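Undergrad: no sequence for this one, just the structure:
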């Protein structure tokens, strides 16, 4: 009888601890540039510092015309590519947007930064 009671306590304990798993917070988009000088023709690195996400989507658009998409990519996090390296072809103002989301669109977050690219 004591063996059965011990097994019951173990099962109940496992159920309690498995249901107490900490809930993950909302997705939070964040990125920084890895370069101090933002020059045309150079590769600019955008470092993803987002939290609580499973997939990322990067957009680079012409700052004057946001419908002019220069780059669009979507990466699921099991891949190792979550950061962006991009070379801007010309001098100007561009928008870089990062959208992060959790599986099954439980939560998503977007951040857009205006990047001014100067002559080399």
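TA: Sure, I can see it. In this text, all values refer to a predicted model and were calculated from it rather than measured experimentally. Numbering: from 1, shown residues only.
Undergrad: In the protein, where is pLDDT below threshold?
TA: Filtered on pLDDT under 70, the chain yields the residue ranges 1-22, 66-67, 74-81.
Undergrad: how about the helices of it, start to end?
TA: Counting by DSSP state H, the chain has helices at residues 2-19.
Undergrad: What segments of it are strands?
TA: 31-33, 43-48, 55-62, 69-76, 84-87, 92-101, 108-117 (DSSP state E).
Undergrad: pretty sure residue 33 contacts residue 45?
TA: Yes - with contact defined as C-beta atoms under 8 Å, residue 33 counts as touching residue 45 (6.8 Å). For every residue, glycine as well, the C-beta is placed using N, CA and C.
Undergrad: contacting residues for residue 47?
TA: Counting by C-beta atoms under 8 Å, 6 or more residues apart in numbering, residue 47 touches 31-34, 83.
Undergrad: go on, residue 26?
TA: Contacts of residue 26 by C-beta under 8 Å, 6+ apart are 52, 107, 109.
Undergrad: Let me have these in a markdown table, extended by distance to residue 88 and neighbour count.
TA: Below are these laid out as a markdown table (distance: C-beta to C-beta, whole Å; neighbours: other C-beta atoms under 10 Å):
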| residue | distance to residue 88 | neighbour count |
| --- | --- | --- |
| 52 | 30 | 15 |
| 107 | 31 | 17 |
| 109 | 25 | 18 |
